[in-house]
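3D model of this:
(2 chains)
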Amino acid sequence: MVNTKVNLCGIELDNPVIPASGTFGFGYEFAELYDINCLGTFSFKGTTKDARFGNPTPRIAECDSGMINAVGLQNPGVETVISHELPELKKCFSKPVMANVSGFSIEDYAYTCEKLDKEEQVGWLEVNISCPNVHGGGMSFGTSPEAAAEVTKAVKAVTTKPVIIKLSPNVTDIVSIAKACEEAGADGVSLINTLLGMRIDLKTGKPVIANKMGGFSGAAIKPVGIRMVYQVSNAVKIPVIGMGGVSNAEDVIEYIMAGATAVEVGAANLVNPYASKEIVENLPAVMAKYGVKNLIDIKGCAHNG
Amino acid sequence: MNRGIYEIIENKPLTKDIYEMKLAGETSHITAPGQFINILLEGFYLRRPISICDYDDKTITIIYKVVGHGTEAMARLSKGEKLDILCGLGNGFDTSKSGKKAVLIGGGVGVPPMYNLCKKLLAEGKEVSVILGFNTASEIFYKEEFEALGAKVYVSTVDGSEGVKGFVTDVLKDLEYDYFFTCGPMPMFRAIEKIAATSGQYSFEERMGCGFGACMGCSCKTKYGYKRICRDGPVLEREEIIW
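Prediction:
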């Protein structure tokens, strides 16, 4: 028997597998396909103060071993998330959920987090300061240590729940930003959000995506995620959630070896709606194959020697 | 929605770049004509969404156009090969809204989903006219198949090499009908919207990420709020569409 349990900021997870925000909606549509209680938890669709449609279409482009999206935080707004989405989720998910929050100003972040703080179903707040698809917000808070610290402080002031800051890889030094979040009181960091990417249609000579650029994700970005998780987990004491190109249980082990406490699964859910379930199911056998009894035993082992 | 492995039982060209593929596998999740399947191809990250042309309890027929590397790879697949497919996606056409005299309008690669719809409407005792629009005679497919179902079939070609010279709307303007269903390119939709005399349903195409409602990649604005083409569509009713 292997032990897949991990502790994420004081809350125990049955396993470290967490579908990432924007690839799992508010969970209940996936619950039509399988019992989502098998997951460690999941991070729900990025929620903002007001409802958003997002960017014009097309907002998806395929790449070799990955995809670009420029959805732009389409969501019904925090009030509707609380009045409709969370009650729907309650019918099919009994574990604490990770609330993913985005904003366009410090006040936006604080407003949305304060609302979600009152929700019993919410276990963690994952604060997205790294969305590459919205202008004047999102990523702009995630590209300087000062702004990242400011958002962290503002959110920490309005919640008692663990605050996990989701970081952008589109920076020169992700370590300094992670450290700034830790110093400002963050309970954890999650990384990486998507890499800013672009495709051009050869027939038209124009960008495939209406917004021109978008967030590149999928199997292709895994080495970047592994590298950044390795660097950040070496520099901070708070838990790190690793993500980027996770497609199978082996990838989960690799991220944990790099220093992650838990792992998010993103684009893989969009190709195979059962991806996260299959990763949860395959994890014990893959752990056994590599002689891992407890995930905690291999956490950050890549740093040794 | 069902995720399953489907075996290719036939894959053949109908015209220069239009192919018909027959697949064997689970079809019980298909609930309406106009739904689609999403096909995983080796070497491609995202699936290819293709509308269902026809189905029975064991097989699915799709018709696709070779437009890029993915569909080129599909055209090279042979009988006996197996594909990972998500089946029964989207809402499909709602035939209960149709009147007694329905007209189905398919433009180019928008023709295929009209086939099973035509079958269903005829089985429900409706009088069905079908307008098939193509650029030129060599691109025409499925005309005889629609005729064999018992529908009244009209063809339009832009160059006039067969049927009525011009667009589907050049046929539609003289027809008598009390409901319409259509699938095809946006310029055709806009032309239909200008002259259509009744209520109807449009089946839309959009670049999709997942095809089952998770990524919000294919959303559109409607009079009844935001809808995902892949899950809340691809069929929208005329009354709700914002042009």
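
show me what contacts B:A151?
B:104, B:118, B:122, B:128-130 (CB atoms under 8 Å, 6 or more residues apart in numbering or on different chains). Bear in mind the C-beta positions are built from the backbone N, C-alpha and C, glycine included.

ok, so what distance separates the residue nearest the centre of chain B from chain A?
When CA atoms, centre = their mean is applied to chain B, the residue found nearest the centroid is B:P113 (2.9 Å). To chain A, B:P113 is 21 Å away according to CB to the nearest CB, to the nearest Å.

Break down the stretch 101-250 of chain A into its helices, ranges please.
For the stretch 101-250 of chain A, applying DSSP state H, counting those that start in this stretch gives helices covering A:106-117, A:139-142, A:145-156, A:174-183, A:222-235, A:249-258.

Could you pick out the longest strand of the chain?
With no chain named, the answer covers chain A. Ordering each strand of chain A by length in residues (DSSP state E) puts strand A:122-128 first.

my bad, chain B
Identified as the longest strand of chain B according to DSSP E is strand B:2-13.

what about B:Y224, how many neighbours?
11 (other CB atoms under 10 Å in any protein chain shown).

Quick check: it vs A:V263, distance?
Separation of B:Y224 from A:V263 (CB to CB, to the nearest Å): 38 Å.

Help me see whether the longest strand of chain A makes contact with chain B, please.
No - judged by CB under 8 Å from any CB of the partner chain, strand A:122-128 stays clear of chain B, getting no closer than 14.9 Å.

Over to stretch A:9-21?
No - residues of stretch A:9-21 are not located near chain B by CB under 8 Å from any CB, the shortest gap being 9.2 Å.

Give me the buried positions along that stretch.
Residues of stretch A:9-21 classed as buried: A:9, A:11, A:13, A:15-21 (neighbour count, 16 or more other CB atoms under 10 Å in any protein chain shown).

Around chain B, which positions in the stretch 1-150 of chain A sit nearby?
Counting by CB under 8 Å from any CB, the stretch 1-150 of chain A sits next to chain B at A:22-25, A:29-30, A:33, A:45, A:53-54, A:57-67, A:69, A:71, A:74.

change it to 10 Å
Along the stretch 1-150 of chain A, the residues adjacent to chain B under the rule CB under 10 Å from any CB of the partner chain are A:19, A:22-25, A:29-30, A:32-33, A:45, A:51-76.

Filter the residues you listed down to the buried ones.
So, by 16+ other CB under 10 Å, the buried ones in the residues of the stretch 1-150 of chain A next to chain B are A:19, A:22-25, A:29-30, A:45, A:51-55, A:57-63, A:65-76.

Tell me the confidence at residue 141?
Assuming you mean chain A. A:F141 carries a pLDDT value of 87.

was after chain B, sorry
The predicted local confidence for B:F141 is 98.

Can you give me the neighbour number for B:F180?
The tally of other residues near B:F180 (other CB under 10 Å) stands at 25.

Now do the SS call for it.
strand (DSSP: H, G, I helix; E, B strand; the rest coil).

separation between B:E127 and B:L175?
11 Å.

same deal with A:S21?
Per CB to CB, A:S21 is found 49 Å from B:L175.

pull the CA atoms of stretch B:187-198 into CSV?
Taking C-alpha atoms only, stretch B:187-198 is exported to CSV below (Å, rounded to 0.1, in the frame of the first residue of the first chain):
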residue,chain,number,x,y,z
PRO,B,187,-21.7,34.5,-45.4
MET,B,188,-24.5,32.0,-46.3
PHE,B,189,-26.0,32.4,-42.9
ARG,B,190,-26.1,36.2,-43.3
ALA,B,191,-27.8,35.9,-46.7
ILE,B,192,-30.4,33.5,-45.3
GLU,B,193,-31.0,35.7,-42.3
LYS,B,194,-31.9,38.6,-44.7
ILE,B,195,-34.6,36.7,-46.6
ALA,B,196,-35.8,33.9,-44.3
ALA,B,197,-39.6,34.1,-43.9
THR,B,198,-39.9,31.9,-40.8
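
how about the residues of the stretch 201-305 of chain A near chain B?
Close to chain B, as judged by CB under 10 Å from any CB, the stretch 201-305 of chain A has residues A:201-203, A:208-210, A:214, A:217-220, A:266-267, A:269-274.

Can I get the buried part of the residues you listed as one PyMOL selection?
Per 16+ other CB under 10 Å, the buried members of those correspond to this PyMOL selection:
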select buried, chain A and resi 208+209+214+217+218+219+220+266+267+269+270+271+272+273
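
Adjacent strands (with direction) for the longest strand of chain A?
Strand A:122-128 pairs in its sheet with strand A:97-101 (parallel), strand A:163-166 (parallel), by DSSP bridges.

Tell me the gap between it and the middle of its chain.
Relative to its chain's centre, strand A:122-128 lies at 10 Å (CA atoms, centre = their mean, to the nearest Å).

tell me the angle it makes with helix A:174-183.
Angular relation of strand A:122-128 and helix A:174-183 on a 0 to 180 degree scale: 140 degrees, by axes from the mean of the first three to the mean of the last three CA atoms, to 10 degrees.

how about the residues of chain B that lie near chain A?
For chain B, the residues in contact with chain A (CB under 10 Å from any CB) are B:1-3, B:38, B:40, B:43-48, B:67-70, B:84, B:86, B:206-221, B:225-226, B:228-229, B:231.

show me what contacts residue 114?
This is for chain A. A:E114 makes contact with A:78, A:154-155, A:157-159, according to CB atoms under 10 Å, 6 or more residues apart in numbering or on different chains.

not what I meant, chain B
Residues in contact with B:M114 (CB under 10 Å, 6+ apart) are B:33-34, B:51, B:53, B:93, B:104-107, B:121, B:128, B:130-132, B:142, B:146, B:151, B:181-184, B:203.

Which of these are buried? Put it as a PyMOL command.
Those of the contacts of B:M114 that count as buried under 16+ other CB under 10 Å are selected in PyMOL with:
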select buried, chain B and resi 33+34+51+53+93+104+105+106+107+121+128+130+131+132+142+146+151+181+182+183+184+203
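
if you look at the contacts of B:M114, which of them are in strands?
B:51, B:53, B:104-107, B:128, B:130-132, B:181-183, B:203.

of all these, which comes closest to A:E150?
Lowest distance from A:E150 to these (CB to CB) belongs to B:S203, with 47.9 Å.

Residue 193: neighbour count?
Since you didn't name a chain, this refers to chain A. If you count neighbours by other CB under 10 Å, A:N193 ends up with 28.

think we crossed wires, I meant chain B
Using other CB under 10 Å as the criterion, the residues surrounding B:E193 number 15.

so which helix or strand takes in the nearest residue to B:I30 once chain neighbours are set aside?
Of all residues not flanking B:I30 in the chain, B:G88 sits nearest, at 4.7 Å (CB to CB, 6 or more residues apart in numbering or on different chains). Using DSSP states H and E, B:G88 maps to strand B:82-89.

just the strands in the stretch 151-300 of chain A please.
Assigned strands in the stretch 151-300 of chain A, in chain order: A:163-166, A:188-191, A:195-197, A:200-201, A:206-207, A:214-217, A:240-243, A:262-265 (criterion: DSSP state E, counting those that start in this stretch).

ok, the closest residue to chain B within the stretch 201-305 of chain A - contacts?
The nearest approach of the stretch 201-305 of chain A to chain B comes at A:L270, 3.8 Å away (CB to the nearest CB). Residues near A:L270 by CB under 10 Å, 6+ apart: A:22-24, A:60, A:67, A:69, A:217-218, B:45-47, B:208-212, B:214-215, B:217.

can you check A:E12 too?
So A:E12 contacts A:5-6, A:40 (CB under 10 Å, 6+ apart).

ok, the residue nearest to the centre of chain B - contacts?
Counting by CB under 10 Å, 6+ apart, B:P113 makes contact with B:33-36, B:50-54, B:62-63, B:90, B:92-93, B:104, B:106, B:181-183, B:203, B:234-235.

try it again with 7 Å
B:33-34, B:51-53, B:183, B:203 (CB atoms under 7 Å, 6 or more residues apart in numbering or on different chains).
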